[in-house]
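Peer 1: Here is a sequence together with a model predicted from it:
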Amino acid sequence: MTALLVIVIALAIIFDFINGFHDAANSIATVVSTKVLSPFMAVLWAAAFNFLAYFVIKDHKVANTIAKTVFEHYITLQVILAGLIAAITWNLITWWFSIPSSSSHTLIGGFAGAGMTNAVFMGANAFQAINSGPIIKIVIFIFLAPIIGSIIGYLINVAILHICKNARPSRAEIWFKRLQLVSSGALSFAHGGNDAQKVMGIIYVSLISAGVLHHADSMPGWIPLTCYAAIALGTMSGGWKIVKTMGTKITKITPLEGVSAETAGALTLYITEAFGIPVSTTHTLTGSIIGVGLSKRISAVRWGVTINLIWAWVITIPVSAVIAGAVFAIIRSF
């Protein structure tokens, strides 16, 4: 292994760790805001289920999609390095300002932006570097994932309210607090299984680019193990700055509604993962929370906060791409 390859792999693992603490709010926001678990216990619970996905998920379709977003001819270790630096930078900026943006999309944007810039330096059209199939699928699901999560969240919440309409409120709350442990665990499992794969794809394509692996080679076992461990450790560190935004600012959440939102988010992630679509856990859960809020009334959702989040979603890929392009140009000049 060259020194540059070691640096790229190390940065990929660091990004995975940052992804964990940046997106920890997705897994724990509702369970903390409803006081079902303390913040410390919530991150331990979420991290355990993040890592549990390693033992269950063996078909890495999402990793394969990420690896194919840029054509091989335009991929170098410098391209991957620039993409990772951009992704880490945008993740830290959004974390600092408590914006629950997508770690998945900043990684995709960074990788694509660096590849496009490399194509320009090679005298080609920038868009020739991009594999339009995976990219179009990813862009479509920027909008579809939260809509799907919202619809499922709405339907689940309405169904639960109908089924439990005659239950005593105090008894129902006890049961839904218990059920929220299950739904929170399911969401954390889906988060680990979905998001860890994105870094697996980056490390795998780095090894191919460096000549360590060939396309016909299967992914070495240490890559999934390392990626699942890194995202779980990141989750344990807790993205506290974003928890408040996800847990209270979009709409007020009760244990019943927490179960609905987390179950909807988990189901959406399981479905998209089965088709190898690298969706955003952040977008998905936000949509699920909005759907739960809408099941009460339209005014239950704080639309000002929601619109600001949507703007952050829209600009994540292009901003990450621009940062990555600038970083690649700087790296190439040395």
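Peer 2: Everything's here; your move.
Peer 1: pLDDT-wise, which helix or strand of this structure ranks last?
Peer 2: Of all the helices and strands that make up the chain, helix 240-244 has the lowest average by mean pLDDT, DSSP states H and E, namely a mean of 54.
Peer 1: Downstream of it, the next helix or strand is which one?
Peer 2: Following helix 240-244 in sequence order, the next helix or strand is helix 255-274 (DSSP states H and E).
Peer 1: Quick one: distance of that following helix to the chain centre.
Peer 2: 14 Å (Cα atoms, centre = their mean, to the nearest Å).
Peer 1: Now the helix or strand containing L225: buried residues?
Peer 2: Using DSSP H and E, L225 falls within helix 222-237. Neighbour-count burial for helix 222-237, with 16 or more other Cβ atoms under 10 Å as criterion, is recorded at 223-224, 226-236. Glycine gets a C-beta too; all of them are placed from N, C-alpha and C.
Peer 1: right, and the helix or strand after the helix or strand where A114 lies?
Peer 2: Per DSSP H and E, A114 falls inside helix 103-121. Toward the C-terminus, helix 103-121 is succeeded by helix 132-163 as the next helix or strand (DSSP H and E).
Peer 1: Now do the following helix or strand past that following helix: distance to the chain's middle.
Peer 2: Once helix 132-163 ends, the next helix or strand along the chain (criterion: DSSP H and E) is helix 169-209. Relative to its chain's centre, helix 169-209 lies at 10 Å (Cα atoms, centre = their mean).
Peer 1: and if you look at stretch 90-106?
Peer 2: Chain-centre distance of stretch 90-106: 10 Å, with Cα atoms, centre = their mean.
Peer 1: in it, what counts as buried?
Peer 2: Within stretch 90-106, the residues scored as buried using 16+ other Cβ under 10 Å are 90-91, 94-95, 98-106.
Peer 1: Could you pull out the buried residues of stretch 206-213?
Peer 2: Neighbour-count burial for stretch 206-213 [16+ other Cβ under 10 Å]: 206-210, 213.
Peer 1: looking at it, W95 is touching G20, isn't it?
Peer 2: No - in this structure W95 lies outside contact range of G20 using Cβ atoms under 8 Å: 11.5 Å.
Peer 1: shared neighbours, these two?
Peer 2: Common contacts of W95 and G20 (Cβ atoms under 8 Å, 6 or more residues apart in numbering): none found.
Peer 1: any idea of the pLDDT on the residue located most distally from the centre of the chain?
Peer 2: If you look at how far each residue of the chain sits from its centre, by Cα atoms, centre = their mean, the farthest one is N166, at 37.9 Å. Predicted confidence (pLDDT) for N166: 85.
Peer 1: That one and A159, how far apart?
Peer 2: Distance of N166 to A159, given as Cβ to Cβ, to the nearest Å: 15 Å.
Peer 1: what does G293 give?
Peer 2: Distance check for G293 against A159: by Cβ to Cβ, it reads 16 Å.
Peer 1: Give me the mean pLDDT for stretch 113-131.
Peer 2: 95.
Peer 1: and that stretch, which residues are buried?
Peer 2: Buried, per 16+ other Cβ under 10 Å, within stretch 113-131: 113-120, 126, 129-131.
Peer 1: what's the angle between the helix or strand A10 falls within and helix 255-274?
Peer 2: Using DSSP H and E, A10 sits within helix 3-33. Relative orientation of helix 3-33 versus helix 255-274 (axes from the mean of the first three to the mean of the last three Cα atoms, to 10 degrees): 150 degrees.
Peer 1: Report the buried residues of helix 3-33.
Peer 2: Result for helix 3-33 [16+ other Cβ under 10 Å]: buried residues 4-5, 8-9, 11-13, 15-33.
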